[in-house]
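J.: Here's my sequence, what's the structure:
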Amino acid sequence: MFRYLILLVCISQASISQDTLTTVKAEPGDGILSLLRKQGVNPYEVFEEFVILNNHDLRDSVHLIAGKTYVIPKVILDTVLIINSIQKQSTDIKKLESASYAIFGEKYKTVIAKSERLTGNVYYLVSGHGGPDPGALGTYAGKTIAEDEYAYDIMLRLAKELLAHGATVYIIIQDENDGIRDEKILEIDHDEVAYPDKVIPLNQVERLKQRVDIVNQLYKENKGKYQRLLVTHVDSRSVGQNIDVFFYHHENSKNGEKLAESIHKTFDAKYKKYQPNRSYAGTFEDRTSLYLVKKTHPAMTFIEIGNIRNAKDQVRILDPDNRQALAKWISEGVLLDYEEK
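T.: Modelled structure (predicted):
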């Protein structure tokens, strides 16, 4: 017995062939998202396929190399079929629908189903700060950048990945105007609310308590289901301190530790594959002193993306291709956590 997955994209009655693919040479300054958009392709619908097709000509798995020629999957993703074969003689074909979510913005509101691997699972996503508190601040190209904007953008991308695998997702901090953004410098605003539409308090303790209460109430309502919580933050340290993505969990939560370890393991594997000359120094450890880690009920991991004041970390945080890669790698860690029970 064996298991394999084959993804097929249908355009009207036709299937994908080499005739639907075209190539384009990357110009200086091009990223995957901008390159795909220039070719008239929704980058979030074909991002994964693009990476698979061009893996050997990408730096760090997400960066184009100027002058290289790349294959563009020129397809319209109207219907996605997944063939899940358990045995050679038995094939189950399921049509996976698309759904629209306004919170991702007009450009990227459509989520195309990739699988049903997380169907029935519930994930709570909390991006740090927001509302009256922008969080850690840094400077890039003479402009102020704020933690909450980047933590939120990564969280939206992660939400989209999890939804594509059938999960139920609660985005706890929301901004109806932002959506997924592709700019390096994300405009700072203060109109975020807490799920479903609660004003975020200025007082830090009240703000954290509000999030804990929302998550714990939803956890109670979803009792009996597989539930996990993910929190994203961007750290602020000395300008010279470059850090890798690292993870915290509750000291007494075996499931939280496993979730953190699974995402950490995924990042470590990605670094070994795409950056073999650079070791991954991110860690996962317990840190129960953090309010959300200590007070929330679901098994959880608290993710620090990088140092917003460090120039090297700013590349990871500000580059939209990198933010997409971070979200995808986190989602792969979430899948690993669930499927390696």
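
J.: Wait, residue 187 touches residue 149, no?
T.: Yes - Residue 187 is within contact range of residue 149, at 7.4 Å (criterion: C-beta atoms under 8 Å). All C-beta spots, glycine's among them, are computed from the backbone N, C-alpha and C.

J.: Settle it for me: which of these two has more neighbours?
T.: Remark: of residue 187 and residue 149, residue 149 carries more neighbours, 25 against 12, as counted by other C-beta atoms under 10 Å.

J.: burial count for the nearest residue to the more buried one once chain neighbours are set aside?
T.: Nearest residue to residue 149 in three dimensions, chain neighbours excluded: residue 186, at 3.9 Å (C-beta to C-beta, 6 or more residues apart in numbering). As a burial measure, residue 186 scores 20 neighbours (other C-beta under 10 Å).

J.: How much space separates residue 186 from residue 176?
T.: Separation of residue 186 from residue 176 (C-beta to C-beta, to the nearest Å): 16 Å.

J.: And residue 245, by the same measure?
T.: Distance, residue 245 to residue 176, by C-beta to C-beta: 28 Å.

J.: Looking at the two, which has the bigger crowd around it?
T.: Counted by other C-beta under 10 Å, residue 245 and residue 176 do not tie: residue 245 has more neighbours, with 22 against 12.

J.: surely the more buried one meets residue 327?
T.: No - counting by C-beta under 8 Å, residue 245 stays clear of residue 327, with 11.6 Å between them.

J.: what is residue 284 paired to in the beta sheet?
T.: residue 247 (DSSP bridges).

J.: got a list of what it touches?
T.: Residue 284 is in contact with 246-249, 257, 260-261, 263-264, 301, counting by C-beta atoms under 8 Å, 6 or more residues apart in numbering.

J.: For these, which two are the farthest from each other?
T.: By the measure C-beta to C-beta, 246 and 257 form the most distant pair in these, at 13.8 Å.

J.: what are the ranges of the helices in the stretch 1-150 of the chain?
T.: 32-38, 43-53, 147-164 (DSSP state H, counting those that start in this stretch).

J.: Out of these, which one sits most buried?
T.: Counting by mean count of other C-beta atoms under 10 Å, helix 147-164 has the highest mean neighbour count of the helices of the stretch 1-150 of the chain, with a mean of 25.

J.: Which strands and helices lie in contact with the helix or strand that it is followed by?
T.: Using DSSP states H and E, the helix or strand that follows helix 147-164 towards the C-terminus is strand 168-171. For strand 168-171, the elements it packs on are strand 122-127, helix 147-164, judged by 3 or more C-beta pairs under 8 Å, 6 or more residues apart in numbering; DSSP states H and E.

J.: Using a markdown table, please lay out those together with distance to residue 68 and mean pLDDT.
T.: Putting those into a markdown table (distance: least, C-beta to C-beta, whole Å; pLDDT from 0 to 100) gives the following:
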| stretch | distance to residue 68 | mean pLDDT |
| --- | --- | --- |
| strand 122-127 | 34 | 98 |
| helix 147-164 | 25 | 97 |
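
J.: wait, isn't the residue nearest to residue 149 in contact with residue 153?
T.: Yes - taking contacts as C-beta under 8 Å, residue 186 lies within contact range of residue 153: 6.4 Å.

J.: which residues are common contacts for the two?
T.: By C-beta under 8 Å, 6+ apart, the residues touching both residue 186 and residue 153 are residue 178.

J.: What's the local residue count around the closest residue to residue 318 other than its chain neighbours?
T.: Using C-beta to C-beta, 6+ apart and skipping the chain neighbours, the partner closest in space to residue 318 is residue 184 (4.4 Å). For residue 184, the neighbour count with other C-beta under 10 Å is 17.

J.: need the contact list for residue 321.
T.: With C-beta under 8 Å, 6+ apart, residue 321 has these contacts: 31-33, 62-63.

J.: export the helices of the stretch 1-150 of the chain to a markdown table and tack on distance to residue 201?
T.: Shown next, in a markdown table, are those (distance: least, C-beta to C-beta, whole Å):
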| stretch | distance to residue 201 |
| --- | --- |
| helix 32-38 | 35 |
| helix 43-53 | 33 |
| helix 147-164 | 14 |
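
J.: so where's the stretch 101-250 of the chain shaky on pLDDT?
T.: Residues of the stretch 101-250 of the chain meeting the criterion pLDDT under 70: none.

J.: Go through stretch 58-67 and flag the buried ones.
T.: Using 16 or more other C-beta atoms under 10 Å as the test for burial, stretch 58-67 gives 58, 61-64.

J.: In those, find the pair that's most separated.
T.: Farthest pair in the buried residues of stretch 58-67 (C-beta to C-beta) is 61 and 64. Separation: 11.2 Å.

J.: Secondary structure element holding the closest residue to residue 258 other than its chain neighbours?
T.: Closest residue in space to residue 258, ignoring its immediate chain neighbours: residue 337 at 6.0 Å, by C-beta to C-beta, 6+ apart. Assigned by DSSP H and E, residue 337 belongs to helix 320-339.
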